[in-house]
Structures are given as C-alpha cells and as structure tokens.
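Asks: Fold the following and give me the result.
(one chain, ligands or ions: 2)
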Amino acid sequence: MTTPVNVTVTGAAGQIGYALLFRIASGAMLGPEVPVRLRLLEIPQAVKAAEGTAMELDDCAFPLLAGIDIHDDVAAGFAGTNVALLVGARPRGAGMERADLLEANGGIFGPQGRAINDHAADDVRVLVVGNPANTNALIAASNAPDVPKDRFTAMTRLDHNRALSQAAARAGVPVAQVRRLTIWGNHSASQYPDLFHAEVGGRPGAELAADTAWLTDDFIPTVAKRGAAIIDARGASSAASAANAAIDHTRDWTLGTPEGDWTSAGLWSTGQYGVPEGIVSSFPVTSSGGTWDVVDGIEIDDFSRARIDASVAELVEEREAVRSLGLI
Ligand SMILES: NC(=O)c1ccc[n+]([C@@H]2O[C@H](COP(=O)([O-])OP(=O)(O)OC[C@H]3O[C@@H](n4cnc5c(N)ncnc54)[C@H](O)[C@@H]3O)[C@@H](O)[C@H]2O)c1
Ligand SMILES: O=C(O)C[C@H](O)C(=O)O
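Replies: Ligands and ions are numbered 1, 2, ... in the order given. Just a heads-up that it's a prediction; the model follows:
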C-alpha cells in the first residue's frame, strides 16, 4: 500500500474545515489512489468539536482515510506534514482595526510557520486560506527560513472560480469553456480579475472586456466583493466554495494544471510583472511536477497595470504593517 500523505488542517472545527475534511478523505484533493492521514489542529476550546468531526469522518468509512489525529499543539500538529492547509484565523471583531487583525493573526501564523519549519516533512506544501490570506502566508513563510519560499501559497482560487463563473454567465457558455483568466494581487476587494488574456466560449476574453461599463461596474466589483456579498446573504463567510477552492488549488499543485490553461494562486513574488519581491501576490500560474510557475509573457496594458499596481500597493502596506509589528 502507498504510504499515506500527512495532511494538516488548522481550524478544522470551523465552517470551512467541515466542508473540506470529507472531500480530502474521499480522495478529491490528492487523487483516488492516495491514502491520507489527517491531522486536525485546533485551539483547546474547539478540540471537542473537532472530535465530533473526526467521529463523522470515521462513520464515512472512507477507504483512503488512513487515520485521524487531533492536536492543540502546533509542533505535534505539523510533525511530518506533507500538506498544510492553514484555515484557522482570527476573524475581525467589533472595533478591531486592521493593524489589530494583522497582529492577532501574526500570533497564529508566526508560530505555525516556525512549527512547519522545525517539524514538517521536507516536501511540505502550504496553502493559507485564513484571512488576510496573502499577508498571513507572508508571515508564515518569513518564520520558516529553512523551507523554500515557493512552498508557501495563499488562496486566490476562490476568486478565480468566481471570475470563471461570472464570465461564463455573461457569455452564455458553460464554465468549462472559460480558460486562462487571472486574479492579480491581494485576496481583498482590491484584487484585479483580468479577462483580457482569457478565452471565453472559444472567443478572446478581450471581446467581453471591450464592454468597459460591464467590466468596470459589474464584472470586476462582483468578483472582488463576492466575499462580502456572501457574508451579507448567509450571515457567515463562504465555506463550501472556499473549501472547494482549497481542494482545487492543492489538487492542481500536486497533480498539475490542464494543458493549455492556467489558474491563479498567491505566490511569494520574485519580482515578476513588476510586483515587488517578498510579498505574496496572486499571479497567473501553471503547475507541473509539484511546482507552480508564473505564466510568462502576458502583455499588461495601462488599464490592467493601474489595477494590479493598486492591489500590490495594498500588499506592500500590509507588509510594512506586519514588519513594524515585528512579525516578519
Ligand atoms: N482565502 C479565501 O478565499 C477565503 C474564503 C473564505 C474564508 N476565508 C477565511 O478562512 C478563515 C476560516 O473561515 P471559517 O468560516 O472556517 O471560520 P470559522 O470561524 O468557522 O472557523 C475558524 C476555526 O479556526 C479555529 N482557530 C482559530 N485560531 C486557531 C489557531 N491558532 N490554530 C488552529 N485553529 C484555530 C477556530 O477555533 C475555528 O474552529 C477565515 O479567516 C476566513 O476569513 C478565506
Ligand atoms: O471571510 C471573508 O472576509 C470573505 C472571504 O475571504 C471570501 O472571499 O469569501
């Protein structure tokens, strides 16, 4: 039997955790042949709820599920981990300023980065879902000096999937006929969903984007503010779609992206497309052999440049804030 892959999920007793764990255990993330051992990492108050989820996982009798461990200690939670999904984060509370949120999350992602550095497997791959996802990924990566920076990613796949769906609806084509869309920048309202290089129903995405009123007043804000719209409608942030995006991201990272397409992921910038080095920004990416590569050679016009720059400026500000707090 193949050796099980160790998958750690933080915030396992939360909403996203509940939508995520069963799909990982079913084989949707790493493939139908790969057994998984789940490590659920929670804060002490939520361990009992995680135990309930583990009971339900047992009750599914998933053939690929090789074991479940529950931890409230970061070192144990990441021991030997191959895939770490960092979902648990501190939500913004009433009266909390952005700096308070960054500081509270620094208290989570700094120690988790150090624990990954010291205890995870050599091939560890990390996806940060908990918000602010890009800067939390930056904090975790900065606290893991022995782990290559390209192993830390932030999730913008949900934004990417939202953009695919909006573009397909506009063109009246199935979502499978939308390819090569890009989310640039931050997983926040400043992100830039770029249709100009996409293909939609066999036609250039630039044809859809030529309707500037629709592009700027509808498509871009609908995608960028979708998270807030879901919170408004559900009274809670997106969970099943976020879990689905985490599955998509990790599956593509591990098994590769389809030929002729690309996707979006938050990666440690090495300066591509004028994005400053050392921030975690979303880029157009392909994956093969377990490595993300930023797609080369995309021409960026003035319209796109201004929007990419604005989102990147927000990431640089977040980096300065966490730097001044001593978190990186
Ligand atoms: N990147 C994205 O696209 C995206 C999309 C949706 C939600 N999110 C974010 O994902 C995060 C989780 O969302 P949710 O709806 O599951 O929240 P939730 O409040 O339902 O669950 C969060 C869980 O994290 C746990 N937790 C808190 N601190 C922890 C720590 N230090 N270690 C381990 N676990 C800890 C909590 O006990 C809780 O069970 C939020 O930050 C949310 O904003 C990101
Ligand atoms: O939790 C949020 O603030 C929103 C979430 O990041 C989302 O995009 O759905």
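
Asks: How many residues are close by the nearest residue to Leu101 once chain neighbours are set aside?
Replies: With CB to CB, 6 or more residues apart in numbering as the measure, Arg92 is the residue that lies nearest to Leu101, at 5.0 Å, once sequence neighbours are left out. Backbone N, C-alpha and C define where each C-beta goes, glycine included. The tally of other residues near Arg92 (other CB atoms under 10 Å) stands at 15.

Asks: Can you get me the centre-to-centre distance for the helix or strand where Gln166 lies and its chain?
Replies: Element membership for Gln166, per DSSP states H and E: helix 157-171. Counting by CA atoms, centre = their mean, to the nearest Å, helix 157-171 is centred 16 Å from the centre of its parent chain.

Asks: Show residues contacting it.
Replies: Helix 157-171 is contacted from outside by 174-175, 177-178, 181-183, 187, 191, 193, 195, 198, 200-201, 203, 205, 208, 214, 219, 222-224, 226-227, 238, 241-242, 244-246, 248-249, 263-265, 282, using CB atoms under 8 Å, 6 or more residues apart in numbering.

Asks: Quick one: buried ones out of the residues you listed?
Replies: The neighbour count (16 or more other CB atoms under 10 Å) marks 178, 181-183, 187, 191, 193, 195, 198, 200, 205, 208, 219, 222-224, 226-227, 238, 241-242, 244-246, 248-249, 263-265, 282 as buried among the contacts of helix 157-171.

Asks: Which members of the residues you listed additionally contact ligand 2?
Replies: With CB under 6 Å from any ligand atom as the criterion, the buried ones among the contacts of helix 157-171 include 227, 238, 242 near ligand 2.

Asks: Pretty sure the second one sits in a helix.
Replies: No. If the criterion is DSSP: H, G, I helix; E, B strand; the rest coil, then Ser238 is coil and not within a helix.

Asks: got the contact list for it?
Replies: Applying CB under 8 Å, 6+ apart, the residues near Ser238 are 158, 226-227, 230-231.

Asks: Quick check: which of these are also close to ligand 1?
Replies: Leu158.

Asks: can you redo the contacts of Ser238 as CSV with pLDDT and secondary structure?
Replies: Shown next, in CSV, are the contacts of Ser238 (pLDDT from 0 to 100; DSSP: H, G, I helix; E, B strand; the rest coil):
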residue, pLDDT, secondary structure
Leu158, 98, helix
Arg226, 96, helix
Gly227, 92, helix
Ile230, 93, helix
Ile231, 90, helix
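
Asks: Alright, that wraps it up for me.
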